[in-house]
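# Sequence plus the predicted model coming up.
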Amino acid sequence: MTAEESATTGADLLVKALIDEEVEVVFGYPGGAVLPIYDSLFKQNQLRHILVRHEQAAVHAAEGYARSTGKVGVVLVTSGPGATNAVTGLTDALMDSIPIVCLTGQVPTHLIGNDAFQEADTTGITRPCTKHNYLVKDVTKLQRTVYEAFYVARSGRPGPVVIDLPKDILMAKEPYVAPQKPVQHRSYRPQVKGDAQKIEQAVEMIANAKRPIFYTGGGVINSGPEASRLLAELVHLTGYPITNTLMGLGAFPASDKQFLGMLGMHGTYEANLAMYNCDVMINIGARFDDRITGKLTEFSPGSKKIHIDIDPSSINKSIRVDLPIVGDVANVLGDLLAVWKKRKPRIDHKALKAWWEQIAVWQGRQCLAYRQEGEIIKPQYALERLYHHIKDRDHYITTEVGQHQMWAAQFLKFEQPGRWMTSGGLGTMGYGFPSAVGVQIAHPDSLVIDVAGEASIMMNIQEMSTVAQYRLPVKIFILNNQYMGMVRQWQELLHGGRYSESYMESLPDFVKLAEAFGASGLRVSKPSELDGVIEEMIRIKGPVIVDVAVDKAENCFPMIPSGAAHCDMLLGPNDKSSRPVSEEGMVLV
Amino acid sequence: MSVLVDNEPGILARVVGLFSGRGYNIESLTVAETDARQNLSRITIVTKGTPMIIEQIKAQLERLVPVHRVRDLTVEGPHIERELALVKVRGIGEKRVEALRLADVFRAKVIDAKTDSFVFEVTGTSDKVQTFVGLMEGLGLIDVGRTGIVAMSRGGEAL
């Protein structure tokens, strides 16, 4: 080998830098602009490349990988369509604060701006849907840019970072230099430690509460397992009730008696009424999302609010809070617990007892009750049976988006963080299956189930091919009601039952579809056969699609109609809202 | 609002994109490199909103990775604002004399002159610049270029 051939190229540097960052897996799809990187990948065996069948799926797979491991997910796509296809995934990761580094190919620097073949203004397009992005125009800056990108992606409020890599930079020769750690950024310094004085104040507010509630979100999970442990310690120490957002499920064990279930639009009656009637709200790592708050002017009108968040821009964005604490959840909770244990504040146990009695009344409404009768499977029943069979196994759940997602959030119980992967902020149909691919890659021996709807699953169904190639035993559990269920539900409730374009015409035979990709397909339509089919799904070692024919007309309750307040929940089909949905509410999504 | 940023490609697009993407309004914007050694630029933005929106704009700007510092000059104490305009006026006779006389009153400098035109350079608050431009409208105004506002806090504190 000549000296010229053995010299490292930009692509080699990139691969070495990824290895320096302890990357094990890259999800990607090759193309012209990234051929040098694929060549460098070919010549090494430390990095594993997973070939997906669509770039959007690459990002979702990396998201599943990242969420279930706490590591940064890495994506590699080509220029032009490769990059534009990744945009939905990047936006999804931005909304849900998932650390991703996405490497995009680019045409050579001298062709940028020339409308070259497979050229797109990737940094321009991805600017609003990434935490940060880079265009590397100088090979000497390539390595540093990679280290910086990982630092930015994983620190502070995590998010996706794009590095756009022109082909000439990838082919340029440049020696490797060992990285200097830790990476320091000139201007970017996330605040990790909370203000000590404010933490003292928080302890006092929490201790003096009469009707308190902990409202916690995805920030607890992003902060790491220690944050969940500290949260449980604080919640147990106080004896206060706790509710989780969709993104925060698993941060606190669902089986704990202090847990009120999920809150928000399809959250439990008790969680939402506790939010409405509380006097002190302790928001930890959640962002007062519009699915949580409902009508802003009637959101928890009588409460003092504490908000712990690492992102200052989340504070006072939609809801004004009384005590904001900027910092990392684990860090702030650690300090808060230390103050608590030192001061040993006295809690008003009498008030707390009365509060729990009130909550028990709300719980008595049994807001998640449904009736499984007759020969049609209720989707809720299917999920309850699914949970019964998986609860004692090491399992991970992903979902698509829609009714099935909300039912999964309501009926599956999450005891640990990082076990529940769902698209919360962006609501991306087609998220769950590729995400399950990423989870299964990270946890090859665990049971990974994508709870899907028959509409959502069609959005990234091509990944059956990826699953086949890597022999991933992913299970797809389709609640098939032959409708885009959530669209149909809204059309029923808000648009006079005119089911415009929400019926899923010409669905595939999912059993045959599974078989076409060398997977197993199962179908069930009778409640009595459900248990057997779920058991078989778990027993089969390879990938399985289970097509569960469920009640077509079932709606997802409880529900806060759009534009309504927490106290205006609909509990079931016979429960008519005291107020019709307002004009304002109709406009909301 | 004063924003200190890394002078790198795309930074202005990031700031402007944030305003358009989140529905904030930009009334005026100026940007130029202010520290060549450290490669820093200073952006001055004039915007309007409720206190909650302004707080949000500040937090969103601070969240951008290449942003070093953000100061809300309106809220954080006394500050000074200046704007510069180039004003071209065409005319002869009495109108030309009147334009020149008013320019003198406003301490505008003549920076280009032909027998039938002047270009004035006027500096001051936006109000003053606006008033001057308004007066010139009746006196043969044919072209205006304005820098937008640059601003700084009073006293011994730096951004």
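Looks like it came in fine. Just so we're clear, the structure is a prediction, and the values are computed from it rather than from any experiment.
# Need the phi and psi values for the residue in chain B positioned nearest to chain A.
Nearest to chain A, among the residues of chain B, is B:Ala59, at 3.7 Å (Cβ to the nearest Cβ). Where you see a C-beta, it was placed from the backbone N, CA and C, and this is true even at glycine. Phi and psi for B:Ala59, reported as degrees, to the nearest 10, are phi -60, psi -40.
# Same check on A:Asp279?
Backbone torsions of A:Asp279, given as degrees, to the nearest 10, read phi -110, psi -20.
# count of neighbours near it?
Residues lying near A:Asp279 (other Cβ atoms under 10 Å in any protein chain shown) number 17.
# What separation is there between it and A:Ala360?
For A:Asp279, the distance to A:Ala360 (Cβ to Cβ, to the nearest Å) stands at 18 Å.
# give the contact list for residue 70.
Because you didn't say which chain, this covers chain A. A:Gly224, A:Pro225, A:Gly418 (Cβ atoms under 8 Å, 6 or more residues apart in numbering or on different chains).
# that's the wrong chain, I meant chain B
Applying Cβ under 8 Å, 6+ apart, the residues contacting B:Val70 are B:Met1, B:Ser2, B:Val3, B:Leu4, B:Lys58, B:Leu61, B:Glu62.
# which residues does it bridge with?
B:Val3 (DSSP bridges).
# per-residue pLDDT, it?
Note for B:Val70: predicted pLDDT of 96.
# Could you do the one 3 residues further on as well?
Reading off the confidence values, B:Leu73 has pLDDT 95.
# Settle this for me: A:Glu415 is touching A:Ala254, isn't it.
Yes. Counting by Cβ atoms under 8 Å, A:Glu415 touches A:Ala254, with 6.2 Å between them.
# Could you check which of the two is surrounded by more residues?
Neighbour totals were compared for A:Glu415 and A:Ala254, and A:Ala254 leads with 16 against 12 (other Cβ under 10 Å).
# next SSE after the longest strand anywhere in chain B?
Assignment by DSSP state E gives strand B:79-90 as the longest strand of chain B. Counting by DSSP states H and E, the next helix or strand C-terminal to strand B:79-90 is helix B:94-105.
# Report whether the expected contact of the residue of chain B closest to chain A with A:Ile315 is present.
Yes. Applying Cβ under 8 Å as the test, B:Ala59 and A:Ile315 come out as touching, 7.2 Å apart.
# So which residues of chain B form strands?
B:2-6, B:28-35, B:40-46, B:67-71, B:79-90, B:109-114, B:117-124, B:141-146, B:150-153.
# strands paired with the second one, and their directions?
Taking DSSP bridges as the criterion, strand B:28-35 pairs within the sheet with strand B:40-46 (antiparallel).
# Could you check how far the partner strand is from the centre of its chain?
10 Å (Cα atoms, centre = their mean, to the nearest Å).
# And stretch A:172-186, by the same measure?
In this view, stretch A:172-186 has its centroid 32 Å away from the chain centroid, taken as Cα atoms, centre = their mean.
# How about stretch A:545-561?
That offset, for stretch A:545-561, works out to 21 Å (Cα atoms, centre = their mean).
# how about that stretch: buried residues?
Buried residues in stretch A:545-561, defined by neighbour count with 16 or more other Cβ atoms under 10 Å in any protein chain shown: A:545-551, A:554-561.
# For chain B, which residues are neighbours of chain A?
B:5-6, B:9-10, B:13-14, B:17, B:21, B:52, B:55-56, B:59-60, B:62-68 (Cβ under 8 Å from any Cβ of the partner chain).
# buried subset of the residues you listed?
Here, 16+ other Cβ under 10 Å leaves B:5-6, B:14, B:55-56, B:59-60, B:62-68 buried among the residues of chain B next to chain A.
# what's the closest of those residues to B:Ala36?
Using Cβ to Cβ, B:Asp6 comes nearest to B:Ala36 of those, at 12.6 Å.
# give me every residue that touches the closest one.
A:Arg186, A:Ser187, B:Asn39, B:Leu40, B:Ser41, B:Pro66, B:Val67, B:His68.
# Output the contacting helices and strands for the longest strand of chain B.
Judged by 3 or more Cβ pairs under 8 Å, 6 or more residues apart in numbering or on different chains; DSSP states H and E, strand B:79-90 is in contact with strand B:117-124, helix B:126-137, strand B:141-146, strand B:150-153.
# Is A:Asp392 within a helix or a strand, and which one?
Applying DSSP H and E, one finds A:Asp392 in no helix or strand.
# Give me the distance between it and A:Met537.
Counting by Cβ to Cβ - A:Asp392 and A:Met537 are separated by 16 Å.
# now A:Glu174
For A:Glu174 relative to A:Met537 (Cβ to Cβ), the value is 51 Å.
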